[in-house]
Each structure stands twice: as C-alpha cells, then as structure tokens.
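Engineer: Next comes the sequence, and after it the predicted model I'd like to discuss.
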Amino acid sequence: MFATPARTAHRQLDVDGVRVFYRESFPEREDAPVLLLLHGFPSGSHQFGRLIDALGARYRLIAPDLPGFGHTEVPDGFTYSFDRLADVTEGFVQRLGLDRFVMYVFDFGAPVGFRLAERHPEWIAGLMTQNGNAYEDGLSDAARDLLTLQPEAPGAEDTLRGFLTLEGTRGQYETGVADTDLIAPDGWTLDQHFLDLPGRKEAQLALFFDYHTNIESYGRWQAWLREYTPPTLITWGRNDPFFTELGARAYLRDLPSGELHLFDTGHFALETHLPEIARLIADFLDRAWK
C-alpha cells in the first residue's frame, strides 16, 4: 500500500520576517488531498518524516517547524505565544496558497491548529488529532501542574528548565511505551539539539507560561467542533503521561461521529505504531476529502 517512495522537498518560506522551515511531499496526482501536519513539544517537522515517506506519494503532506522549534528562524525580539505561533502558521498557509486541507494536530500543534480553525473554518476539510488535547478531562495531574505554572510562582522556572534536559526529552518519548526498543534515539537526540540552541529554552519557557491561554480556550474550541462538525479521526497513545485517554474520548461528546482509535503506547504514538496509524490516515483522507 505504501511501496512507492515519496518525493519530498525541504524549504524555507518568509512569513513576516520569520523563516519558516517546512517539509513537503509531491504526490503523483496533482489533485491529491492535502494534509497539514502540526507538530508538538519538544519536536519539529522531523517527527513526521517517516509518515511523509509512507504517504507522500499518494497525498500532499506539508509539515512546518513552528517558531521556536526545528530549523525555523525568527527575528530578534520575536514574542513567543500561542497566538503568535498561530499568526505565523496562518501566514504560512496563505503564502503556500492553501485554501482547503485536512489538519493533523499533535500536542502543542493542537492549540495552534484550533486557533487556525477558528479564524478560517472554511479551510478545514477534516481534523486528525493524535494526543492533541482540547478538554480538561484529558489533562493528567502532572500536565495540569506543569501547564498552569506562572513565572511568579516560586521555583516555576527551575521546574520547567528541568523538563528541557536530555533526560526530560527522552522521557517524553519513552514513558508509557512497553517496548522502548521500538523507539529510535534519533528523535529525542535531535529535539535536544534544537532545545540547546541559543534562545530556545527561553522560547519554550515563554510558551509554557502562555499555555494557560489554551486551557482557557477549550470551551470555545469545543463549541467550534459542535458548530462545524468536521470529519474527525482520533488516534491516541492511551499511556500518555500528559494527555490522557479521557481527553481522546471527550472529543466524542462534541463529535459523536468521530472515529476513535486507542493504542497501547505513550505520547509519541507514531514512533511505535506508524504502520497502523498511517493506514487509518490514508483511509480517512480518502473519505474526508470527498
């Protein structure tokens, strides 16, 4: 099913002074469905590399690095907030001339994607969420404690900086995974390389301290789902220490026709279950695009 290798390009696109790095596949059909892939913390577009190889010959897959991540370059004085990440992503989509796509959101990519959907519901042909939370039900106690920290809280910055270490990064990949031999070390090693670049830890601190705005927006995003009822595929690592299985099931309250698939793995479900999830994505894209 996925035997034909995908042709891909790796480019940068200027969006109001931000040099957005992105990966794009070139499918065999010009009218192939388009899938916008929005990555999470602490990763980047590289987390979708194997998925692009698997599906890029049949579908147009586009994966940008958000500001503060991967190879994307920002000007001095850039303000890191989820609103600004959404601004840049909106400009990126417009610069590419996209006016309809299925959107895949994961982790930090979910609040960026939902802001995009609020601004341009006409763009969204379908939604895929893989451990991309939009419900308070889905916040573990650990996630709630971490994602509601504010800079004035005693020890808050030290707590978050401890999370930006190689041990913390590797733990995000391996926690909840039964067989960690299935996870290549390349992902967390590359993530840590980018986290250790000048200014990147400060960017992540700013985003963590802004995360409360996402939790405060959950009600609006749920209302958006009820109003627009996009075709939705939910794939979820049920052992995620941050965004729990309850968050996956909560989508069905607002989208009773949504498709839910749970996997016995952790946060980065594509690392351990790529073949299964890729097949679900291909089937969903074919149906949602029509």
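Structural biologist: Yes, it's here.
Engineer: buried residues in the biggest helix by length in the chain?
Structural biologist: Criterion DSSP state H: the longest helix present in the chain is helix 269-289. Within helix 269-289, the residues scored as buried using 16 or more other CB atoms under 10 Å are 269-274, 277-278, 280-282, 284-285, 288-289. The C-beta positions use only the backbone N, C-alpha and C, and glycine is treated the same way.
Engineer: Give me the residues contacting it.
Structural biologist: Applying CB atoms under 8 Å, 6 or more residues apart in numbering, the set of residues contacting helix 269-289 from outside is 1-2, 33, 35, 47-48, 50-51, 54-55, 58-59, 102, 104, 125-126, 128, 130-131, 173, 177, 179, 182-184, 187, 230-231, 233, 235-237, 259, 261, 263, 265-266.
Engineer: what about burial for those residues, which qualify?
Structural biologist: Listed as buried from those are 2, 33, 35, 47-48, 51, 54-55, 58-59, 102, 104, 125-126, 128, 130-131, 173, 177, 183, 187, 230-231, 233, 235-237, 259, 263, 265-266; burial here means 16+ other CB under 10 Å.
Engineer: R11: what secondary structure?
Structural biologist: When classified by DSSP: H, G, I helix; E, B strand; the rest coil, R11 comes out as strand.
Engineer: That one: what's it in contact with?
Structural biologist: Going by CB under 8 Å, 6+ apart, R11 touches F21, Y22, E24.
Engineer: export those to a markdown table and tack on pLDDT and neighbour count?
Structural biologist: A markdown table is the format used below for the contacts of R11 (pLDDT from 0 to 100; neighbours: other CB atoms under 10 Å):
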| residue | pLDDT | neighbour count |
| --- | --- | --- |
| F21 | 98 | 20 |
| Y22 | 98 | 21 |
| E24 | 98 | 20 |
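Engineer: for D137, helix, strand, or coil?
Structural biologist: Under the three-state scheme (three-state DSSP), D137 adopts helix.
Engineer: Correct me if wrong: it contacts E245.
Structural biologist: No. Counting by CB atoms under 8 Å, D137 does not reach E245; the two are 9.5 Å apart.
Engineer: coming back round to it: sort out for me which of the contacts of helix 269-289 are in helices.
Structural biologist: R50, L51, A54, L55, Y173, G187.
Engineer: For the closest residue to A269 other than its chain neighbours, give me the pLDDT.
Structural biologist: Distance criterion CB to CB, 6 or more residues apart in numbering; nearest residue to A269, sequence neighbours excluded, is G237 at 3.9 Å. The score at G237 is 98. That number is its pLDDT.
Engineer: Tell me which of the contacts of R11 fall in helices.
Structural biologist: Per DSSP H, the contacts of R11 never map to helices.
Engineer: any chance of the residues you listed in TSV, plus distance to P64?
Structural biologist: Below are those laid out as TSV (distance: CB to CB, whole Å):
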residue	distance to P64
F21	7
Y22	4
E24	9
